[in-house]
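A.B. asks: missing the sequence, but the structure's below:
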């Protein structure tokens, strides 16, 4: 399977087989990914892998009976579809199962979303080997004057293609490139503890991986982050301001999205049920999903059901404007479909300040740089999360902390949001920037 | 690193999350166990004939592929063939209205040269495609090294080597009718229907899979296995005085349909309901450092996070683990003996042999408080000059193996559980867990207590919920002061995620007292 027409042929073959077995409607997604992954450690190759992965996923709609069936074995497609149809036919019909309304489907050709770069796709294996080697070397150098334990450089390429079609005639093809580079440094601390600092960057364009100074820049970030955790101890208990760094803040918006999706609402496991058009967060929080963003890691012109991608305001000034609803859950909840999943999640900055500038405004509190385990109970909104970071006194880092928990309820947490930074996290499709919360309950020493 | 990974598939294809690929070490319940597992004919576990009879790959072709893999002068190569078929069914409010199936087929080729690993896979089991993967792996392993020119590698005659027989299926999943799968959920539904009027939603999930694998190595070892997995997850949401709570119970094993007795199904349904309603009685627990009594069973999550990952030898080979260079030292009180065992029948973490063809075994990690062994794969065993411990595992043919846990537990001690609870003035009794995570470098770990009780004056008083516990692994081990005589294993399955690969694991613990640990507040 090497190109779009080939992927299309497999999808059409699957439809034909499904129709023969009584599936009135169907949707097929054919994917193909090529990847290169290189890890260099302590001056040597640790692991290099490269392959092509393909798959076909067939969603069947047989008189309200619904099943999704996936395979990587294209040689046995016929028996696979036969078995899938027979299994699906055993289910209970569900009146809300259907393909999306026609008028919501994406039409026209693929817009150029700037997320496929042929130059990035063409970078050869040697480039990625060399990049990983450079980063590993730079990281070892950065750690040379410290109690050095281990350095690591990583370089990763993904070239993804997706063909989605349904039996009513929709078809769409997308391709995307992404490359990432990683530095990780481990150094010794007192008490036989190690401190690992890491940082990564990347994007859809070759220039984001070939730029000069990348290796040195990543190594310096990794060094800074490892050193920042030296001597970490358990900080104080109580209610304090907490600044969540952009690289960690996406965890919190991720949990929030989980409570906004149709499955949680329909399963009655969302604390945001019946909260549409209500304030669920402080007025400084505006969240918009932007699928058509140029060069975004999550950019797309149609969603998982083939619905036309469009900007979707989830929260506007703290007011919940939309849930994440695919066709099924929209019908089940009696609402209009939006989309079942986010693409590029963006938060409007409430202040013209980045994380470092926000830090200077914290009189006494916590800079949270990493979460460690914990959980968010979507049904009640209660959370308890492990964390590490740095303690802040008078706007300056005082010492490193670890082994602490923050806990409370999401309704109160998001109401205590006092600032949204302008430093969107660029290396994930969830681009949450630094978030400042005025009061969070911490448990420590 | 402190990056957790979750693998639930929603609509469409989500962009591969870079963080997931880098991932650290996280333990999550195996609620969605249908992750690309397997099927085929129920041939005997030790025979390689499935590969030939179903896919036409014979020993001569295997031999040719291994030679190709070693053409650039690798020291060692192995092939990992896999064919998996999985089924997954969902029942919502007594309606069984969603089914998922998954087929995964492929072969992974690994070439090792020195400590360098080259890896590639093919999803087509035809010679041209498989040779291309072997060629790619050979090139990748050889990066930066000079090719051994003119050297011709002879692969010894492949010898079938039987493994253990830990998970025979009396009723194999490939012979089970879809109606029988549906009947399992129907029985659960019938038990829950009308059981309590506070219940406003029920959601249950059933999954089964069988994975046929064949490992062939350039040292002439060939082993074949048939690995079943099944899980049942039962959850509900209840409403009382305008407040909602939800909870679940799950059961996971390596066995066939025979494990789903009516009694087991009824107990699971009753427990899920009971555990949900119990949350309405929960009161807050004041946060802070306190003694914690771990209930027998799934509390083994403590060992998994506090020490298990830290003893995986890949982290120690790189000196990155907080347990590096501590072999032979007293790291816990003499009450503590910790074992990682791949040989327990029907255990979620059981393996008849590991994913690089080494014998499965029971490995004593800590004996009477003294660090005795790491968990080794082939690479680390060679590095440390010891025998492999049968811990080389992988998620699928798409990944090279690395040292992983299997079933991790602590041996029973001498105390009666009541005696242990009775010794605590104020503290936490931790009963159920949903997930955990560890930072390998610092040794800090956390695990999440889904439900438990407050201990006051040596007695269990009110239920508590939603509490995260966090601490330093090496420190916590030294604070284990009492070990009960009631070792039990978790019924619920866990999958462990590490560097983007997840594998099924098990855990067990007797009632255990940790004298002090940081307990996050629970919201009341």
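C.D. replies: Structure's in. What do you need? A quick note: this is a predicted structure, and the numbers were derived from the prediction, not measured. Numbers count the residues shown, from 1 in each chain, chains lettered A, B, ... in the order given.
A.B. asks: settle this for me: residue A:98 is touching residue A:326, isn't it.
C.D. replies: No - the pair residue A:98 / residue A:326 is not scored as a contact, 10.9 Å apart, by Cβ atoms under 8 Å. For the C-beta atoms, the positions are set from N, CA and C on the backbone; glycine is no exception.
A.B. asks: these two - which one has more neighbours?
C.D. replies: Taking other Cβ atoms under 10 Å in any protein chain shown, residue A:98 and residue A:326 do not tie; residue A:326 has more neighbours (24 against 14).
A.B. asks: give me phi/psi at the residue of chain A found nearest chain B?
C.D. replies: Using Cβ to the nearest Cβ, the closest approach of chain A to chain B is made by residue A:304 at 2.1 Å. When read as degrees, to the nearest 10, the backbone of residue A:304 gives phi -60, psi -20.
A.B. asks: so it makes contact with residue A:340?
C.D. replies: Yes - between residue A:304 and residue A:340 there is a contact under Cβ under 8 Å: 6.0 Å.
A.B. asks: where do the helices sit along chain A?
C.D. replies: A:4-20, A:77-88, A:118-122, A:125-142, A:207-210, A:214-228, A:246-260, A:262-266, A:327-333, A:355-359, A:410-415 (DSSP state H).
A.B. asks: quick one: mean pLDDT for the first one?
C.D. replies: It stands for helix A:4-20. Averaged over helix A:4-20, pLDDT sits at 94.
A.B. asks: just the fifth one next, same as before
C.D. replies: Helix A:207-210 comes out with an average pLDDT of 98.
A.B. asks: does it reach chain B?
C.D. replies: No - against chain B, helix A:207-210 shows no contacts by Cβ under 8 Å from any Cβ of the partner chain, the least distance being 12.8 Å.
A.B. asks: in that helix, what counts as buried?
C.D. replies: A:208-209 (16 or more other Cβ atoms under 10 Å in any protein chain shown).
A.B. asks: now swap in the longest one and tell me
C.D. replies: Burial within helix A:125-142, assessed by neighbour count using 16+ other Cβ under 10 Å, is assigned to A:125, A:127-129, A:131-142.
A.B. asks: quick one: closest of the helices of chain A to residue B:353.
C.D. replies: Ranking those by proximity to residue B:353 (Cβ to Cβ) places helix A:77-88 first, at 29.5 Å.
A.B. asks: next, the angle from that closest one to helix A:4-20.
C.D. replies: Relative orientation of helix A:77-88 versus helix A:4-20 (axes from the mean of the first three to the mean of the last three Cα atoms, to 10 degrees): 50 degrees.
A.B. asks: next one: helix A:77-88 to chain centre, how far?
C.D. replies: Chain-centre distance of helix A:77-88: 32 Å, with Cα atoms, centre = their mean, to the nearest Å.
A.B. asks: what does that helix rub up against?
C.D. replies: A:10, A:13-14, A:17-18, A:21-23, A:56, A:58, A:60, A:62, A:65-67, A:69, A:71, A:73, B:87, B:99, B:101, B:103, B:178 (Cβ atoms under 8 Å, 6 or more residues apart in numbering or on different chains).
A.B. asks: show me those that map onto strands.
C.D. replies: Judged by DSSP state E, the contacts of helix A:77-88 include A:56, A:58, A:60, A:62, A:65-67, A:69, A:71, B:87, B:99, B:101, B:103 as members of strands.
A.B. asks: quick one: pLDDT of residue 371?
C.D. replies: Picking chain A for this. 96.
A.B. asks: actually, chain B is the one I wanted.
C.D. replies: The model's pLDDT for residue B:371 equals 98.
A.B. asks: same check, this time on residue B:291
C.D. replies: 97.
A.B. asks: thinking again about what came up before, Throw the ones in strands among the contacts of helix A:77-88 into TSV and include distance to residue A:346, thanks.
C.D. replies: Shown next, in TSV, are the ones in strands among the contacts of helix A:77-88 (distance: Cβ to Cβ, whole Å):
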residue	distance to residue A:346
A:56	32
A:58	33
A:60	35
A:62	39
A:65	38
A:66	33
A:67	35
A:69	35
A:71	36
B:87	39
B:99	36
B:101	37
B:103	38
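A.B. asks: how many residues are close by the residue of chain A closest to chain B?
C.D. replies: Neighbour tally, residue A:304, other Cβ under 10 Å: 21.
A.B. asks: do the same with residue B:317
C.D. replies: For residue B:317, using other Cβ under 10 Å, the count is 23.
A.B. asks: tell me the residues of the stretch 351-500 of chain B that contact chain A?
C.D. replies: B:398, B:400, B:434-448, B:450, B:465-468, B:470-472, B:474.
A.B. asks: what do you get if the cut-off is 6 Å, keeping everything else the same?
C.D. replies: B:434, B:436-437, B:441-442, B:444, B:446, B:448, B:466-468, B:470 (Cβ under 6 Å from any Cβ of the partner chain).
A.B. asks: so of the residues you listed, which ones are in strands?
C.D. replies: B:434, B:436-437, B:444, B:446, B:448, B:466-468, B:470.
A.B. asks: and the least confident of those?
C.D. replies: Lowest confidence among those: residue B:434, with 84.
A.B. asks: ok, that residue touching residue B:447?
C.D. replies: No - in this structure residue B:434 lies outside contact range of residue B:447 using Cβ atoms under 6 Å: 8.5 Å.
A.B. asks: more neighbours: which of these two?
C.D. replies: More crowded of residue B:434 and residue B:447, by other Cβ under 10 Å: residue B:447, with 29 against 24.
A.B. asks: residue ranges in the stretch 51-200 of chain A under the pLDDT threshold?
C.D. replies: The stretch 51-200 of chain A contains residues with pLDDT under 70 at A:109-110.
A.B. asks: now do the stretch 101-250 of chain B
C.D. replies: Across the stretch 101-250 of chain B (using pLDDT under 70), the flagged ranges come out as B:146-153.
A.B. asks: near chain A, which residues of the stretch 151-300 of chain B?
C.D. replies: Near chain A, when you scan the stretch 151-300 of chain B using Cβ under 6 Å from any Cβ, you find B:178, B:200-201, B:203, B:237, B:244, B:246, B:287-288.
A.B. asks: many thanks, I have nothing further to ask.
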